[in-house]
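J.: Quick one, structure for this:
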Amino acid sequence: SPLALYLGVRAHKMNLLTLFKMPKPMKITGRSSSITNAFINAIIPVVQPTEENIREALEILGMTQETFQCSYCGDTATEWDHLRPLVKDKKPTGYISEIHNLVPACGKCNQSKGNKEWKTWMQSKAALSPAARGIKDIPERIQRLEAYENWCKPTCMDFASIAGEDIWQQHWQNWERVQEIMRESQNLAEKINGKVANAYSAL
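T.: Just a heads-up that it's a prediction; the model follows:
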């Protein structure tokens, strides 16, 4: 029947549309958090561990070079995650990048945890958290991570007082200037986008 034919054609078109993924519109201001993280991470020292440091860290976490894994879930470790976040509420927490504040992690856990408190996050139903993914040995992993926390207190510093008020304020004024330029650039980009879209429609 004509109706069945129409519905069949429409369903076919809908199936084709589900295959085609349009790129998401780019927003300059959508990179604001990345810029903030860059301004913070650029001022944080990175302390290279010794081989003995790494061996001791893995031992406390119940790992060896052969059993290297994510501390949170047990999947293959691809990076080292800051147990205590370097950034909180768009400001530095005072912690630095050193092995006493870094644990092996997988990409899923690192992405899911973000700057949340690690123990609360592990037991939460946050997307991709160990609890949400049904990891069975969470209590044992928490126990090892607690031992890791007690291994050596991580360095926490008052960056503002160390830098001095003038240079500290100047750094954040630069950050605000970049943010303002991004907002202005986004407004300008939207005007250009509108003009280009109108020109396309007129073709």
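J.: Just list what the helix or strand hosting His171 packs against, helices and strands only.
T.: His171 belongs to helix 165-201 when elements are defined using DSSP states H and E. When contacts are defined as 3 or more CB pairs under 8 Å, 6 or more residues apart in numbering; DSSP states H and E, helix 165-201 packs onto helix 32-41, helix 159-163. Yep, even glycine has a C-beta here, placed from its N, CA and C like the rest.
J.: what are the ranges of the helices in the protein?
T.: Using DSSP state H, the helices of the chain run over 2-19, 32-41, 51-60, 107-113, 118-122, 138-151, 159-163, 165-201.
J.: most tightly surrounded among these?
T.: helix 107-113 (a mean of 19; mean count of other CB atoms under 10 Å).
J.: quick revisit: so the helix holding His171 versus helix 32-41, what angle?
T.: Counting by axes from the mean of the first three to the mean of the last three CA atoms, to 10 degrees, helix 165-201 points 150 degrees away from the direction of helix 32-41.
J.: and helix 165-201, average pLDDT?
T.: Per-residue pLDDT values over helix 165-201 give a mean of 97.
J.: again with stretch 112-120
T.: Stretch 112-120 comes out with an average pLDDT of 95.
J.: in the protein, what spans have low per-residue confidence?
T.: Flagging of the chain using pLDDT under 70 yields the residue ranges 1-14, 16-17.
J.: one more time with 80
T.: By pLDDT under 80, the low-scoring segments of the chain are 1-22.
J.: ok, back up a step: quick one: closest of the helices of the chain to Ser71.
T.: Nearest to Ser71 among the helices of the chain is helix 138-151; the distance by CB to CB comes to 6.1 Å.
J.: Taking helix 51-60 as reference, get the angle to the closest one.
T.: Relative orientation of helix 138-151 versus helix 51-60 (the same axes, to 10 degrees): 140 degrees.
J.: Check which helices and strands helix 138-151 sits against.
T.: Looks like helix 138-151 contacts helix 51-60, helix 118-122 (3+ CB pairs under 8 Å, 6+ apart).
J.: Export only the CA atoms of the longest one, formatted as PDB.
T.: Spelled out, that is helix 51-60. Taking Å, rounded to 0.1, in the frame of the first residue of the first chain, the C-alpha atoms of helix 51-60 are listed here in PDB:
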ATOM      1  CA  GLU A  51      63.400   3.800  40.500                       C
ATOM      2  CA  GLU A  52      63.300   2.900  44.200                       C
ATOM      3  CA  ASN A  53      60.400   5.300  44.700                       C
ATOM      4  CA  ILE A  54      58.400   3.600  42.000                       C
ATOM      5  CA  ARG A  55      59.200   0.100  43.300                       C
ATOM      6  CA  GLU A  56      58.100   1.100  46.800                       C
ATOM      7  CA  ALA A  57      54.900   2.700  45.600                       C
ATOM      8  CA  LEU A  58      54.000  -0.400  43.600                       C
ATOM      9  CA  GLU A  59      54.800  -2.600  46.500                       C
ATOM     10  CA  ILE A  60      52.400  -0.700  48.800                       C
END
